[in-house]
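1. no sequence on hand, only this structure:
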């Protein structure tokens, strides 16, 4: 059956230009395959396929999420997604398809040995929680079949969830028995395309006061979070310090059904380990030395709203157990409270800059808590990976500082200032950028004797502001090189979508850029080559030919990329690089 579908599926995947096209193609074929199997059973008159959803979530967080309704091919919207952390955990650990009888709470893994290895798990690990099961039944999904998307080597990087409605099949013969192997084959064929293809180009990003900047790089992530925010499941936001996790958490709250209620933040980095439980759950007077009055904890303060727990990796193992209890039972007790437990009516958002999976392997983080908060994981990239947003954030931060100072008129960055921002690393991410903008603004205001009206920050203001940060940190050069590599890849992705791929060979022009920069700084070819450890070329008088060769590669690169070129580079490329004659 699946073999009959393969030629058409492969043709569709080869022609697909974006993730959504590939996901639509494989979902249609998998739903069609499952429907053929259902039609051949006595359940056919009483069962129907509902929808399919592709989840692409390699280690680090969700990257893509797309589904279609079977009856009309419309895109699945809103909360029509399977978001069970326990099912995902089963897939990652066992790397096999699973079927779920939602009505009875039965999970059946299809182990590699085939149908003979079919077993049942009732009420155990791998089953969706009550909230998820209720949500499935609300959308009429009585049976769900989940197929892993495997990377080369077998690692699970995503899943395809197919939902069906067939109340008559409760407790009976699994309705997926006749097609589970075919479904795995179709998913295996599609997996490389789903992983590699970029998302469909989106329209202008929607921004607001809580998320004033959204660039093309983070656009797909924000689209995902618009869906996730409307659900009640836990969102895990990972990313480096200063990247904007707190802002993103607040934005999620504003997009959720709890908007208008309290948004509370508990930053564990500022809480001593012995007070973590108290800050989270609150305490009664006399609960410990210094507890002179009752104090509500973060959960109570966020009642009916959202609680963002940042730096969750800083939780002690004891506090981790307490948080796990709250997440599973939705109940807690304040320290020193001898009464009954209170209900935790809170939406949890979690932040971390650590690799929690590695922390689990090291024994620093509970595995059960990891899977409990890893329901909807997303990764917020560092600023170095979203340089398309850098000028927008800088402009926003400058305008905000200008308003805070009570000044009139607009504040802007000169083009040369924006160019300088793009030339330096940002290990501190948005937080560091904000500090630099504020410092440059203060220097500009001091220079002109007051804020006044319109204001423009030029390159000199930012250069002086950056100088206050002192010498570059260890690894700064590597950070800049890594950022340059990302910029090259981002340009390649843009050109692929336009049908004009960017050759990797053009990256060899970077050698010429380094050599040119050395020549500009050293003042002579001989000193430039010596600076870069190429004394042998100078000794053999081969450095003129080497310079000409490297600058030819730079010319190829500039011609391919186009756009404005730095004037110093223009002058360098116009220079006569022919090797001088002996008497010269």
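-> Ah, there it is. Remember, predicted model here, so these are calculated numbers, not experimental data.

2. check which helices and strands the helix or strand hosting residue 227 sits against.
-> Here residue 227, judged by DSSP states H and E, is contained in helix 219-229. Helix 219-229 sits against strand 64-69, strand 235-238, helix 245-255, strand 376-379, with contacts defined as 3 or more Cβ pairs under 8 Å, 6 or more residues apart in numbering; DSSP states H and E. Every C-beta, even on glycine, is put in place using the N, C-alpha and C of the backbone.

3. now render the ones you listed as a markdown table, adding mean neighbour count, mean pLDDT and distance to residue 32.
-> Listed next are the helices and strands packed on helix 219-229 as a markdown table, based on neighbours: other Cβ atoms under 10 Å; pLDDT from 0 to 100; distance: least, Cβ to Cβ, whole Å:
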| stretch | mean neighbour count | mean pLDDT | distance to residue 32 |
| --- | --- | --- | --- |
| strand 64-69 | 21 | 94 | 12 |
| strand 235-238 | 25 | 96 | 33 |
| helix 245-255 | 21 | 97 | 35 |
| strand 376-379 | 22 | 94 | 29 |
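
4. including distance to residue 263, could these go into TSV?
-> Formatted as TSV, those follow (distance: least, Cβ to Cβ, whole Å):
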stretch	distance to residue 263
strand 64-69	24
strand 235-238	13
helix 245-255	5
strand 376-379	18
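
5. tell me which of the ones you listed lies nearest to residue 303.
-> For residue 303, the closest of the helices and strands packed on helix 219-229 is helix 245-255, at 13.8 Å, according to Cβ to Cβ.

6. now the helices for the stretch 401-550 of the chain?
-> Under the criterion DSSP state H, counting those that start in this stretch, helices of the stretch 401-550 of the chain are mapped to 415-421, 429-448, 459-467, 476-497, 509-522, 525-531, 535-539, 543-561.

7. hmm, back to that, can you list the buried residues in the helix holding residue 227?
-> 219, 220, 221, 222, 223, 224, 225, 227, 228, 229 (16 or more other Cβ atoms under 10 Å).

8. tell me the gap between it and the middle of its chain.
-> 10 Å (Cα atoms, centre = their mean, to the nearest Å).

9. with stretch 484-492 instead?
-> Distance, centroid of stretch 484-492 to centroid of chain: 17 Å (Cα atoms, centre = their mean).

10. wait, residue 13 sits on residue 24?
-> No: counting by Cβ atoms under 8 Å, residue 13 stays clear of residue 24, with 10.5 Å between them.

11. helix or strand next in line after the helix or strand bottoming out on mean pLDDT in the chain, which one?
-> Lowest by mean pLDDT, DSSP states H and E among the helices and strands of the chain is strand 121-122, with a mean of 51. Per DSSP H and E, the first helix or strand lying C-terminal to strand 121-122 is helix 130-138.

12. re earlier: quick one: mean pLDDT over the helix holding residue 227.
-> Averaging pLDDT along helix 219-229 yields 92.

13. now swap in stretch 433-442 and tell me
-> On average, stretch 433-442 scores 94.

14. may I see the buried residues of that stretch?
-> By neighbour count on 16+ other Cβ under 10 Å, the buried set for stretch 433-442 is 433, 434, 435, 436, 437, 438, 439, 440, 441.

15. which of the residues you listed lies closest to residue 96?
-> Nearest member of these to residue 96, counting by Cβ to Cβ, is residue 433, at 45.7 Å.

16. ok, which stretches of the stretch 301-450 of the chain are strands?
-> With DSSP state E, counting those that start in this stretch as the definition, the stretch 301-450 of the chain shows strands at residue ranges 306-310, 331-332, 342-343, 347-352, 376-379, 411-413.

17. how is the protein carved up into domains?
-> Using automatic domain parsing, the domain parsing of the chain gives 2-196, 219-381, 384-467, 503-574.

18. reformat these into a markdown table and put distance to residue 203 next to each item.
-> Putting those into a markdown table (distance: least, Cβ to Cβ, whole Å) gives the following:
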| stretch | distance to residue 203 |
| --- | --- |
| domain 2-196 | 14 |
| domain 219-381 | 9 |
| domain 384-467 | 16 |
| domain 503-574 | 24 |
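
19. to residue 213, which of those lies closest?
-> domain 384-467 (4.4 Å).

20. endpoints of the closest one, how far apart?
-> Start-to-end span of domain 384-467 (Cα to Cα, to the nearest Å) is 20 Å.

21. what about that domain, distance to the chain center?
-> 27 Å.

22. check stretch 173-192 too.
-> Distance of stretch 173-192 from its chain centroid, counting by Cα atoms, centre = their mean, is 28 Å.

23. now stretch 202-210
-> 17 Å.

24. quick check: mean pLDDT of that stretch?
-> The model assigns stretch 202-210 a mean pLDDT of 86.

25. give the buried residues for it.
-> Those would be residue 205, for stretch 202-210 by 16+ other Cβ under 10 Å.

26. and of the helices of the stretch 401-550 of the chain, who's closest to residue 181?
-> Taking the helices of the stretch 401-550 of the chain one by one with Cβ to Cβ, helix 476-497 is closest: 34.2 Å.

27. what is the orientation angle of the closest one with helix 543-561?
-> 50 degrees (axes from the mean of the first three to the mean of the last three Cα atoms, to 10 degrees).

28. I'd like to know how far the residue nearest the centre of the chain sits from residue 189.
-> Nearest to the mean C-alpha position of the chain, counting by Cα atoms, centre = their mean, stands residue 379 at 2.9 Å. To residue 189, residue 379 is 27 Å away according to Cβ to Cβ, to the nearest Å.

29. just residue 220 next, same as before
-> Residue 220 is 24 Å from residue 189, by Cβ to Cβ.

30. can you check residue 433 too?
-> From residue 433 across to residue 189, the span is 44 Å (Cβ to Cβ).

31. so which of the helices and strands packed on helix 219-229 gets nearest residue 294?
-> helix 245-255 (26.5 Å).

32. pull out the buried positions in the following helix or strand past that closest one.
-> Sequence-wise, the next helix or strand downstream of helix 245-255 (DSSP H and E) is strand 263-267. Buried residues in strand 263-267, counted by 16+ other Cβ under 10 Å: 263, 264, 265, 266.

33. check stretch 554-574 too.
-> 554, 556, 557, 558, 569, 572, 573.

34. just these now: which is nearest residue 319?
-> Relative to residue 319, the closest of these is residue 557; by Cβ to Cβ it sits at 52.8 Å.

35. ranges for the strands of the stretch 1-150 of the chain?
-> Under DSSP E, counting those that start in this stretch, the stretch 1-150 of the chain gives strands at 48-56, 64-69, 97-101, 106-110, 121-122, 143-150.

36. so in that sheet, which strands flank the following helix or strand past the last one, and in what orientation?
-> Later in the chain than strand 143-150, the nearest helix or strand by DSSP H and E is strand 156-165. Taking DSSP bridges as the criterion, strand 156-165 sits next to strand 48-56 (antiparallel), strand 143-150 (antiparallel) in its sheet.

37. JSON lines for the ones you listed, including mean neighbour count?
-> Shown next, in JSON lines, are the strands paired with strand 156-165 (neighbours: other Cβ atoms under 10 Å):
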{"stretch": "strand 48-56", "mean neighbour count": "23"}
{"stretch": "strand 143-150", "mean neighbour count": "24"}
